[in-house]
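> sequence below, structure please.
(one chain, ligands or ions: 1)
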Amino acid sequence: MKKQVKTAAVLFLLACVSMTSCNTSKKENNNNMIEKVSFGKLPDGQETELYTLKNASGMEVKISNFGGTVVSWTAPNNKGVYEDVILGCDSVSGYLKGVPYFGALIGRYGNRIANGKFTLEGKEYSLAQNNGVNALHGGLKGFDKVLWTATPIEGEEPGLKLTYTAKDGEEGYPGNLSVEVVYTLQKDNSLKIDYKATTDKTTVVNLTNHTYFNLNGNLDSDILEHEVTLNADKFLPVDKTLIPTGELKPVAGNVFDFLKSKKISAGINDTTDTQIKAGGGYDHCWVLTDSTKTLKSAATVYEPKSGRVLEVLTTEPAIQFYTGNFLDGTIKGKNGIIYKHRSGLCLETQHYPDSPNQSAFPSTVLKPNETYQTTTVYKFSVK
Ligand code: GLA
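From the prediction side, this is the model:
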């Protein structure tokens, strides 16, 4: 009897030792270690890098220091299968061929500025007119095309800190602008993006991320059957060059109403609507009903076949919902897949386009001694 008790005690002890060695934090850390590999060279010989953030549930987000670009992102479907749900390229060379801002950080001013001109403190500034007559997404070499300094942040919720200083006069904008963007992959399958910027001269700032999502998990498909909710009771109608007219139009009673979940296909081809015609589909800025600077839900996307749900939360006042209307089947992306018309959708949280020229819009002016600070969260789940 005594012997049996002794043996049991020894077995119990052995079990405890083996359990703790299996559960060592080392193994967990290894699992969460941020891997860094080469992402290819820039024409001037500089190396670019690709970092992999992983969380305990198996989500993987790959981010490059080139453009601060989110290159791939796996999310589970309703059977627990993780698949890549964003458009992108296999290496930096793909991004250098002129892809439309796949996954990139956008700045110094995301979206359009009319005629590439604005006046600030009595001085007129001229920007490159890189989108018809307008300036788009920070210029010819915006934040999507520069090399950021990357610092991995190890931990259970791994992150990547990216910093970049845009020079006074760079792309025509005033002030040396120091920008810090932190991507954090959270335990709950969300990616948090914290943006910060300071300047030494009064300037304008509107930072966002331009990821194209396709929740099918099959990037060789379109997003038309995705169901979208936008917590926005107004949107900004645009002129034929996609500059807001200044009107804040209620969504009630027209194809811009996504207050209740609706298939994108329901209204996207309704060319009797002059705004759909202007955008070639949805390519508009929605004004969030909740205009506070708190982190609030701005949008939800649901893809019925995979069961994937993406929720977007932001401290920003607006969101550009773009349905990949300019994708035309000429870009070959990751794994040789051709990105067809409307194969990705963007939910770009931001201030209103052309704010530097429209004084009735919330201000995008940043002064020295002020800190620009916004947060956006993209959270995946299944239904
Ligand atoms: C933004 C714009 C679109 C288009 C894409 C990139 O989202 O609103 O009009 O320029 O970027 O193709």
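> neighbours of Met33, just the number please.
14 (other Cβ atoms under 10 Å). Where C-beta positions appear, they are placed from N, C-alpha and C, glycine not excepted.
> leaving aside the residues next to it on the chain, what's closest to it?
Nearest non-adjacent residue to Met33, counting by Cβ to Cβ, 6 or more residues apart in numbering: Glu154, 6.9 Å away.
> and the residue of the chain nearest the ligand?
Pro100 (3.4 Å; Cβ to the nearest ligand atom).
> now for that residue: which residues touch it?
With contacts defined as Cβ atoms under 8 Å, 6 or more residues apart in numbering, Pro100 is in contact with His210, Phe326, Leu327, Ile331.
> what's the model's confidence in stretch 318-331, averaged?
Stretch 318-331 shows a mean pLDDT of 97.
> go through it and flag the buried ones.
For stretch 318-331, a neighbour-count test (16 or more other Cβ atoms under 10 Å) marks Ala318, Ile319, Gln320, Phe321, Tyr322, Thr323, Gly324, Leu327, Ile331 as buried.
> likewise for stretch 175-193?
Quick answer for stretch 175-193 (16+ other Cβ under 10 Å): 175-177, 179-186, 189-193.
> try stretch 46-59
Thr48, Glu49, Leu50, Tyr51, Thr52, Leu53, Lys54, Asn55, Met59.
> quick one: which of those is nearest Leu96?
Leu96 lies nearest to Thr48 out of these, by Cβ to Cβ, at 9.8 Å.
> hey, what's the closest one bridged with?
Per DSSP bridges, the residues bridged to Thr48 are Gly40.
> how close does the residue nearest to Met33 sit to Val70?
Distance, Glu154 to Val70, by Cβ to Cβ, to the nearest Å: 19 Å.
> which of the two has more residues huddled nearby?
Neighbour count, other Cβ under 10 Å: between Glu154 and Val70, Val70 has more, with 26 against 12.
> beta partners of the more buried one?
Ile63.
> which residues does it contact?
By Cβ under 8 Å, 6+ apart, the neighbours of Val70 are Val61, Lys62, Ile63, Ile86, Gly88, Gly103, Ala104, Tyr183, Leu191, Asn209, Thr211.
> surely the second one meets Thr52?
In this case it means Lys62. Yes - using Cβ atoms under 8 Å, Lys62 makes contact with Thr52 at a distance of 5.2 Å.
> contact residues of the chain facing the ligand?
Pro100, Tyr101, Leu136, Leu242, Asp283, Gln320, Tyr322, Phe326, Cys346, Glu348 (Cβ under 6 Å from any ligand atom).
> can you rerun that using 5 Å?
Pro100, Asp283, Tyr322, Phe326 (Cβ under 5 Å from any ligand atom).
> for the residue lying closest to Leu248 once chain neighbours are set aside, helix, strand, or coil?
Sequence neighbours aside, Lys234 is the residue nearest to Leu248 in space, at 4.5 Å (criterion: Cβ to Cβ, 6+ apart). Following DSSP: H, G, I helix; E, B strand; the rest coil, we place Lys234 in the strand state.
> equivalent analysis for Glu171, please.
Secondary structure, three-state DSSP: Glu171 is helix.
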